[in-house]
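Asks: give the three-dimensional model of this entry:
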Amino acid sequence: MSQLLIGGKWVDGESAQSLTDKYHGREYARMAVASPEQVNQAVDGALAGLRASTLSPYERYRILLEAARVVESRRDRLIGLMRDEAGFTHADGDNEVRRCVQTLELSAEEGKHLAGELVPMQAAAGVKNRLGYTIRVPRGVVCAITPFNSPLNTLAHKVGPAIAGGNAVVIKPSNVTPLSAVELCKALIDAGLPANLLALVHGSGSAIGRQLLADPRIAFYAFTGSTQVGREIQQAAGLRGMQLELGSIASTIVCADADVDMAIPKIVNAGFRKAGQVCTSVQRLFVARGIADAFISKFVEAVKATPCGDPADPKTVIGPMISLQHAERAESWVREAVENGARVLTGGKREGTVFEPTVLHGVRDSMKVVCQEIFAPVVSIIEFDRIEEAVAGANASDFGLAAGLFTSDLKTALRTAQQLAFGGVHINEASSARIDAMPFGGVKDSGFGREGPAWSIREMTEERLITVAY
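Replies: Coordinates of the predicted model:
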């Protein structure tokens, strides 16, 4: 059974919840559910661990680097685990492990080099014999609340920089994918991290999440999830620090001069990996009308050639969605779009939790598949005549996480990148292009703050000014 980590010890919860695999629906484990008292004890333990910690930046660097090696050595076990709890195919699971390793490595390096700045005190008139500089100090207890669609690497993006910056961490993972968090904690502890610098609690966000938000001892919240919950966190956290990576309706634009043969494989991967359950998955695909017929034909052919089904089958590229309810919702949204005039070019069918990779054409702005985050393997093609139309269409959303743009014209690329209101714009890449070393985050209702260890570690530490008169 998945246990809780409280006060540096693995303990049982007040109850247990069954965990079933996402393809067959069979129970594969049970999750310990924390009581309110245990949640309180988890924060107590993290605070005590923080006060007792004497780890130097170099020691934190060494531990995180060793944790990366431990995770890498457990690759096969982790891939099998994520197949059950998240429905990941072998490729998706392998990518998740590989990126987690890199995120821990990057966090280790950033922790070793974390430093403040020299303040030019004598730039002010009349100042003599005075020195000023800043240092970075830990915020304290960081609370990491993570989603189901990246149960290992998204958690590493929060825990890695937090530990590297000298903080303690209380982890609340998704209650449908808790075991990856257990394994990451075990890897960190096995790598030498004092266990009382970590706390792990399982259970519903509505109960445990709200209790953690109400605890004034938590100094910083790092959250990935829905915009609705992000608003609740922002309201409850008040003046405390936070990093919110929220919802998205990601767009990718294909111009008439784009290299179509380069673009299509990238868009197929970006639209359908992890069954489309990625915040930057291509949902709205804007295609120049002049190349639309040829592009759509090739794109649909590539999608049809992408196998879906049992994630245990090595040939499967698109596995099941996280639950039957999610798959049924996607199916109903597609059906509603078709009833209102959209055409299914391929896909549109569901078998259990597996929803076929689906391409829609003839959609309208008012359809849910276009104006709401579908979080499913569904891409809607929208044709445009002028690049300004595509930019306006992409920007016509309350969200702004990531966008992709395919073009061979440098002027178009640079100008359009400045006009797209997104946290990240990827030229000759699809919207989900991401390297773990880069800053990642959104604008508008997609949140604020940036992931990426070099950026997160600064958000998870405070700058302190020190002046010396002599």
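Asks: now stretch 349-357: average pLDDT?
Replies: Model confidence over stretch 349-357, given as mean pLDDT, is 98.
Asks: and if you look at stretch 415-431?
Replies: 98.
Asks: residues contacting that stretch, please?
Replies: 250-253, 258-259, 262-263, 266-267, 269-271, 280-282, 387, 391, 394-395, 400-407, 413, 433, 438-444, 446, 450 (C-beta atoms under 8 Å, 6 or more residues apart in numbering). For glycine as for every other residue, the C-beta is placed from the backbone atoms N, C-alpha and C.
Asks: pLDDT weak spots in this structure?
Replies: 1 (pLDDT under 70).
Asks: give me the phi and psi for the residue nearest the centre of it.
Replies: Nearest to the geometric centre of the chain sits T154, at 4.8 Å (C-alpha atoms, centre = their mean). For T154, the backbone dihedrals (degrees, to the nearest 10) come out as phi -60, psi -40.
Asks: gap between it and K128?
Replies: T154 sits at a distance of 50 Å from K128 (criterion: C-beta to C-beta, to the nearest Å).
Asks: hang on, the earlier thing: wait, the residue nearest to the centre of the chain sits on F148?
Replies: No. Assessed by C-beta atoms under 8 Å, T154 is found out of contact with F148, at 9.6 Å.
Asks: what's the neighbour count on V159?
Replies: When counting by other C-beta atoms under 10 Å, one arrives at 29 neighbours for V159.
Asks: let me fix that: L55
Replies: 17.
Asks: for V260, same thing?
Replies: V260 has 16 nearby residues by other C-beta under 10 Å.
Asks: how about the secondary structure of the closest residue to it other than its chain neighbours?
Replies: Distances taken as C-beta to C-beta, 6 or more residues apart in numbering put F295 closest to V260, at 5.6 Å, once the chain neighbours are dropped. Following DSSP: H, G, I helix; E, B strand; the rest coil, we place F295 in the helix state.
Asks: would you mind measuring from F295 to G192?
Replies: For F295, the distance to G192 - C-beta to C-beta - is 52 Å.
Asks: give me the more crowded residue out of these two.
Replies: Each of F295 and G192 has its neighbours counted (other C-beta under 10 Å); F295 has more, 23 against 15.
Asks: surely that one touches A256?
Replies: No. Proximity of F295 to A256 does not meet the contact threshold set by C-beta under 8 Å, at 9.5 Å.
Asks: ok, T252 - contacts?
Replies: Per C-beta under 8 Å, 6+ apart, neighbours of T252: 267, 270, 282, 284-286, 403-406, 430-431.
Asks: can you name the element that comes right after the one helix or strand E388 maps to?
Replies: Using DSSP states H and E, E388 sits within helix 387-395. Next along the chain after helix 387-395, taking DSSP H and E as the criterion, comes strand 399-400.
Asks: so how far is that next one from its chain's centroid?
Replies: 15 Å (C-alpha atoms, centre = their mean, to the nearest Å).
Asks: give the partner strands of it in its sheet and their orientations.
Replies: strand 443-444 (antiparallel) (DSSP bridges).
Asks: can you verify my assumption that D310 contacts T316?
Replies: Yes. Counting by C-beta under 8 Å, T316 is a contact partner of D310 at 5.9 Å.
Asks: next, A250: phi, psi?
Replies: Per degrees, to the nearest 10, the backbone of A250 is at phi -80, psi 140.
Asks: hmm, I was thinking of A275
Replies: Main-chain dihedrals, A275, degrees, to the nearest 10: phi 60, psi 30.
Asks: which stretches of the stretch 201-350 of the chain form strands?
Replies: 220-224, 241-245, 250-254, 282-288, 343-346, 350-351 (DSSP state E, counting those that start in this stretch).
Asks: and A396, how many neighbours?
Replies: 14.
Asks: wait, it touches D365, no?
Replies: Yes. Between A396 and D365 a contact is recorded at 7.2 Å, counting by C-beta under 8 Å.
Asks: figure out the helix or strand that the residue nearest to A454 when sequence neighbours are not counted lives in.
Replies: Nearest non-adjacent residue to A454, counting by C-beta to C-beta, 6+ apart: E110, 5.2 Å away. Element membership of E110 [criterion: DSSP H and E] is helix 90-113.
Asks: packing partners of that helix?
Replies: Packing partners of helix 90-113 (3 or more C-beta pairs under 8 Å, 6 or more residues apart in numbering; DSSP states H and E): helix 57-73, helix 75-86, helix 153-164, helix 453-459.
Asks: what's the last one in contact with?
Replies: Going back to what we said before, that points to helix 453-459. 103, 106-107, 109-111, 114, 136, 157-158, 160-162, 164-165, 220, 222, 241, 243, 436-437, 439, 449-450.
Asks: rewinding a little: any idea how far the helix holding E388 is from the middle of the chain?
Replies: Counting by C-alpha atoms, centre = their mean, helix 387-395 comes out at 26 Å from the chain centroid.
Asks: and if you look at stretch 462-470?
Replies: Distance, centroid of stretch 462-470 to centroid of chain: 36 Å (C-alpha atoms, centre = their mean).
Asks: show me what counts as buried in that stretch.
Replies: For stretch 462-470, a neighbour-count test (16 or more other C-beta atoms under 10 Å) marks E462 as buried.
Asks: shift numbering so it begins at 674
Replies: Taking 674 as the first residue, the last one we looked at is stretch 1135-1143.
Asks: and the contacts of it?
Replies: Outside of stretch 1135-1143, the residues within contact range by C-beta under 8 Å, 6+ apart are 789, 792, 794, 802-812.
Asks: isn't S1119 up against F1072?
Replies: Yes. Because the distance of 4.8 Å satisfies C-beta under 8 Å, S1119 is recorded as touching F1072.
Asks: now do the shared contacts for the two.
Replies: Joint contacts of S1119 and F1072 (C-beta under 8 Å, 6+ apart) are 900, 919-921.
Asks: so who does the closest residue to A702 other than its chain neighbours touch?
Replies: Excluding the flanking residues, the one nearest A702 by C-beta to C-beta, 6+ apart is L692, at 4.6 Å. Shown in contact with L692 (C-beta under 8 Å, 6+ apart): 675, 700-704, 757-758, 849, 851-852.
Asks: what's the closest of those residues to D888?
Replies: Checking the contacts of L692 against D888 with C-beta to C-beta, the nearest one is P851 at 20.3 Å.
Asks: pretty sure that closest one sits against L678.
Replies: No. Contact criterion C-beta under 8 Å: P851 and L678 do not qualify, at 11.3 Å.
Asks: and these two? Which one has more around it.
Replies: The residue with more neighbours, out of P851 and L678, is P851; 29 against 25, by other C-beta under 10 Å.
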